[in-house]
Structures are given as C-alpha cells and as structure tokens.
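Okay, here's the prediction I keep looking at, along with the sequence it came from:
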Amino acid sequence: MTDKVFDYYLEGKTGRWEVIIGLEVHAQVTSNAKLFSSSSTKFGSDPNSQVSLVDAAMPGMLPVINKYCVEQAVKTGLGLKAKINKLSKFDRKNYFYADLPQGYQISQFKFPIVGEGKVILDMPYGSKEVGIERLHLEQDAGKSLHDQDPQNSFVDLNRSGVALMEIVGKPELRSPEEVGQYVKKLRSIMRYLNTCDGNMDEGSLRADVNVSVRKVGSRNLGTRCEIKNVNSIKFMQQAIEYEAKRQIEILEEGGAIDQETRLFDTKKMETRSMRSKEDAHDYRYFPDPDLLPLELDQDYIEAIKKSLPELPDEKKTRLMNDFGLSSYDASIIISDQEISSYYEQVAKNSDYKLAANWMIVELFGVLNKDNKEIKDSPVTAKNLSKLINLIKDNTISGKIAKIVFEDMINGNQDPEEIINKKGLKQQSDPKELEKIIDKIVQSNLDKVEQYKSGKDKLFSFFVGQAMKETQGKGNPKLINDILKEKLK
Ligand code: MN
C-alpha cells in the first residue's frame, strides 16, 4: 500500500532533476578456499601467508575451479529469482596493476553464470522491484600497501584469487534511500543463503556506484560517472548526493559530463576524477584457454533449489499472514535471520502484535543505543514472552512493564521475580480501588464540581491521582470505570 509518494528530486537553477543510479556490487563468496586455488581465504592473516603459486601467477600454474564457489553463485542467483545459465565461460580481463600478478583478472564477460533477476525493496511509499542484470564469478585482486614505508610500496596477495560475485543491477534506483535499501536487501538475502557474510568493514561487500542525472520528464539517460569501490552504505549515499549535485551544476552551466571513473574522498566528502572510463574493448577480453566452459545440468540446479532456506520475502509474507504483522514491522523483523528467529520464539508463546512492538520499539531501542546485535540481547526470547503474557493477563500494566523491562535489561532476570520482589503487581481489586477513589473525590470536591459543570478535561486529573495513590499499579481500566461511576 502506498501512502506516501516518491519525492526525491533535486532542485536546480533551471528546474527539477532526477537521479539515476545503478550499482555493481562485489560480494565476496563465503568459502574456505579461493576461486581457482586451495589457499585459505581467512581474513586478517599475516600478509602473503595465504598465497599459492597460482595466486602469485607463477609461470605454468593452472587454475582449477572451486566447485563450492560455483554452488554459492548458483544459490545466490536463485535467491535473486534469476535465470541460471547452464553454460557460462571464464574470460581474461587484461590490465596491469601491481596487485594483479597475472596481468589479467579471470572473470566472466559474455556468458555469466547468472542472468536477469530481481530484488524487492520495502520503501515507505510501497514496495519497489529493482532488476538485476546479471551475476558473474571473478577473482579478487591483491592489495597494495602504500603506508608501510616512506620510499616503497608493498603488496599483500592474500586476497588475490578470492572468489567474488559481481552483481550488476539495472539503473533503476532513484534516491540514496533506495540505494540503502537495495544494498541491505541484497546483503540480507546473501546472509540467509550463507553465500556472502556481507561484512562491509572487512570489504566483503562493496559497490561501484553509477550516477547520472536528467531533467524530470526526460526519457533519455544522461552520461554517467562511476564511483569506485565504496564500502559503506552511508558513504554510497553521501557520494551520490555530492555527485548528482556536481553533475547538475555542470549541465546547468552548459557543460557536458565526461564519462569517467571517480573516487569518493570520505574526509573531504567529495568525488574526484581517477581516470577516464575505459570501455569493455579496452580490456581485450578473451576466453581463458586454461579453463573449460562451465556446464551445469538441470538436476544440479534443482537440487540446489531444494536446499534453499526460507528467504526474506517469503518469510515476510508468512509473518504477515500468520501473525497479522504490518508490512513495515515484518520488513524489520525479516531483515536478519537471528532477529526473525528471536521474534518467532517470542510470538509463538505470547501475543504476536505485542511481541513485534516490544521488540521493535523497546528492545531495539536499547540494543541500538549500545550498538549491540540481537544475539547479545540481555533479555532472552523466553523472558520477553513472559513479560508480554504478564501484560496480557493484567498482572501488570504496560507502563509498569517498562519498569520491569529496564530491570531485565540490567540483569536478565525472570520478570515474575522482579514483579514479586518489587511488589509491582497490578492492583485489580475493585473494592480497594473504590476506597482510594472515594478518598480522592472527597478531598477534591471543588474539582468534582468543576468537572460536573462541564470541564471534561479534569477526568484525567482524577485518573492521575488514582495512579499516584496506587504507585502506578492500579488497573487503568478499572480505575476509569469506577471514576466514571463516581463522577456521574
Ligand atoms: Mn568486477
């Protein structure tokens, strides 16, 4: 359901501009070994401690394809509802750089392993489908180290040859927010599938961001610039905003955009030209003669399909159907597998809707503040469901529950114990409450008069007094009922 219209446009001197964004995401395949060698992919090891003769491109060495990486790419393709190509081929993408000892990167050019697919974004204005152009397998390069020595640069080849999935999206994103959702959704799908850990700090997920602008109403695409290797969602969003404004300024002054590769300087918060963009023919792609075409049969693909776990979109639909969750609540809960399994444990034993509210508002409030993940939650799913049940059966009010919850955050105790120890049980004896209310009425006869002569707002004054008298433990519904009777 759409209750808010899409409204991301940039206002220029000559009118409104639309921003067109397409992402090429590089996702490191979760695998113990590299794409064409058996070297370890472990992150953070000593430089050059995980380099085989193949990774170092010694003469005469031959690449051997890692079957598991192929399976991971197929899985990811299926997760993106994409076409799996039964025939794909590896090509050499030729360029020279110190961190690329082969002088070429083995990649897939004309025949990628995965074809067109899609990703669904949950935006405040409704869900939006974004097309995937392709997914291909390729090797990562090594890493140049320029900050270790005043005179020399060094190279670490540990990353050389690690398997990457390059996921090329269609230029269908229209705002920094959509880009954020897109990357989060891709990451969530791959984490569900366990095909990429999505750890952006370690560079397991990074993107080249293509940006162009056009006047609102125009159908033609403008010349784009590619911002290389951005490794955080926030940086992607900042880079897009800067870059779109830069292009609009040039165009409005009668200039033209050069198609080029740029980098985002996160300190100066600006994009800078790196080099004019090369076209595919600059790389002299040709089939790698050391590798046979990759042929997959239908049974193989079907077997992988059968092994897939429930994915975010399916889980979202199920939570909405089974638990009556709103699209918004459901999209938060499915964003991470551990969050959704926590939710299901809570909801299964208590109230579905209260479970979602307590998790999203109270629990995430605390976790986000402390920068903690759900797996570090000081409150277990079992105790949260207990707390919700205590609200449901009127043992405590929602307000008191927040006090109990705070104690739980600080020590992960059983909510029932906290309530007993602190005497927080809701006061629900009508006779007791009546006594208290009679006393309040007697000592506030002037206000009773005013109320009776039409000052309706005073009702909440009496409720407040009753709550104060009961130290917040009075059953709010009973208090309301009794007061209405007494003040008639
Ligand atoms: Mn690439």
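Structure received.

Only C-alpha atoms from now on, for both contacts and neighbour counts.
Noted.

For the stretch 251-400 of the chain, give me the ranges with low pLDDT.
Scanning the stretch 251-400 of the chain for pLDDT under 70 picks out the ranges 277.

all strands of it, in order?
Listed in chain order, the strands of the stretch 251-400 of the chain (DSSP state E, counting those that start in this stretch) span 260-265, 270-276, 286-287, 294-295.

Strand partners (parallel or antiparallel) of the second one?
Within its sheet, and counting by DSSP bridges, strand 270-276 is paired with strand 260-265 (antiparallel).

circling back: generate JSON lines for the strands of the stretch 251-400 of the chain, with mean neighbour count as supplementary columns.
Formatted as JSON lines, the strands of the stretch 251-400 of the chain follow (neighbours: other CA atoms under 10 Å):
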{"stretch": "strand 260-265", "mean neighbour count": "19"}
{"stretch": "strand 270-276", "mean neighbour count": "15"}
{"stretch": "strand 286-287", "mean neighbour count": "16"}
{"stretch": "strand 294-295", "mean neighbour count": "14"}
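
Among those, which comes closest to Phe90?
strand 286-287 (6.0 Å; CA to CA).

Spell out which strands sit alongside that closest one in the sheet and which way each one runs.
In the sheet, strand 286-287 lines up against strand 91-94 (antiparallel) (DSSP bridges).

Just after the partner strand, pick out the following helix or strand.
strand 104-107 (DSSP states H and E).

Which elements pack onto the helix or strand that that following strand is followed by?
For strand 104-107, the following helix or strand on the C-terminal side (DSSP H and E) is strand 117-123. Contacts defined by 3 or more CA pairs under 8 Å, 6 or more residues apart in numbering; DSSP states H and E place strand 117-123 against strand 126-139, helix 176-193.

switch to 10 Å and redo it
helix 67-79, strand 126-139, strand 163-169, helix 176-193, helix 312-323, helix 327-333 (3 or more CA pairs under 10 Å, 6 or more residues apart in numbering; DSSP states H and E).

For stretch 157-171, what is the distance to the chain centroid?
On the basis of CA atoms, centre = their mean, to the nearest Å, stretch 157-171 sits 19 Å off its chain's mean C-alpha point.

per-residue confidence averaged over it?
For stretch 157-171, mean pLDDT is 98.

Could you shift the numbering so residue one becomes 24, and keep it that way?
With 24 as the first residue, the last one maps to stretch 180-194.

Just send the strands of the stretch 274-423 of the chain back as TSV, with distance to Leu348 too.
Output for these, formatted as TSV (distance: least, CA to CA, whole Å):
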stretch	distance to Leu348
strand 283-288	40
strand 293-299	41
strand 309-310	51
strand 317-318	43
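
Tell me which of those strands lies nearest to Val202.
Nearest of those (CA to CA): strand 283-288, 16.0 Å.

ok, and what's touching that closest one?
231-233, 246-253, 258-259, 261-263, 265-266, 293-301 (CA atoms under 10 Å, 6 or more residues apart in numbering).

Mind doing that once more with 7 Å?
248-251, 262, 293-300 (CA atoms under 7 Å, 6 or more residues apart in numbering).

same question, stretch 445-460
417-420, 442, 489, 496-498, 501-502, 505.

change it to 6 Å
Identification of contacts with stretch 445-460 by CA atoms under 6 Å, 6 or more residues apart in numbering yields 418-419, 496-498.

returning to that earlier point: ok, which of the strands of the stretch 274-423 of the chain comes nearest Lys478?
Judging the strands of the stretch 274-423 of the chain by CA to CA, what sits closest to Lys478 is strand 293-299, at 60.0 Å.

Tell me how far that closest one lies from the chain's centre.
For strand 293-299, the distance to the chain centre is 28 Å (CA atoms, centre = their mean).

What is the neighbour count of Asn412?
18 (other CA atoms under 10 Å).

ok so, going back, between the helices and strands packed on strand 140-146, which shows the greatest average number of neighbours?
strand 186-192 (a mean of 25; mean count of other CA atoms under 10 Å).

list the contacts for the residue nearest to Val87 when sequence neighbours are not counted?
Leaving aside its sequence neighbours, Val87 sits nearest to Phe59 (CA to CA, 6 or more residues apart in numbering; 4.8 Å). Residues in contact with Phe59 (CA under 6 Å, 6+ apart) are 86-89.

And Phe59, how far from Ile88?
5 Å (CA to CA, to the nearest Å).

picking up where we left off before, mind putting the contacts of stretch 445-460 in CSV, distance to Gln162 and neighbour count included?
As requested, the contacts of stretch 445-460 are arranged in CSV below (distance: CA to CA, whole Å; neighbours: other CA atoms under 10 Å):
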residue, distance to Gln162, neighbour count
Thr418, 60, 21
Ile419, 59, 26
Lys496, 64, 21
Gly497, 66, 25
Asn498, 65, 22
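
now for those residues, which pair is the farthest apart?
Thr418 and Gly497 (10.4 Å).

Report pLDDT for Thr25.
42.

so how far is Ser476 from Leu468?
12 Å.

Quick check: neighbours shared by the two?
In contact with both Leu468 and Ser476: no residue, using CA under 6 Å, 6+ apart.

you'd agree Ala56 is up against Lys65?
No: if you go by CA atoms under 6 Å, Ala56 and Lys65 don't touch, sitting 8.6 Å apart.

how many neighbours does Pro82 have?
So Pro82, with other CA under 10 Å, has 9 neighbours.

mind checking how far it is from Asn117?
17 Å.

how near is Glu41 to Val236?
With CA to CA as the criterion, Glu41 and Val236 are 6 Å apart.

neighbours around Tyr323, how many?
12.

repeat for Leu85
Around Leu85 there are 15 other residues, counting by other CA under 10 Å.
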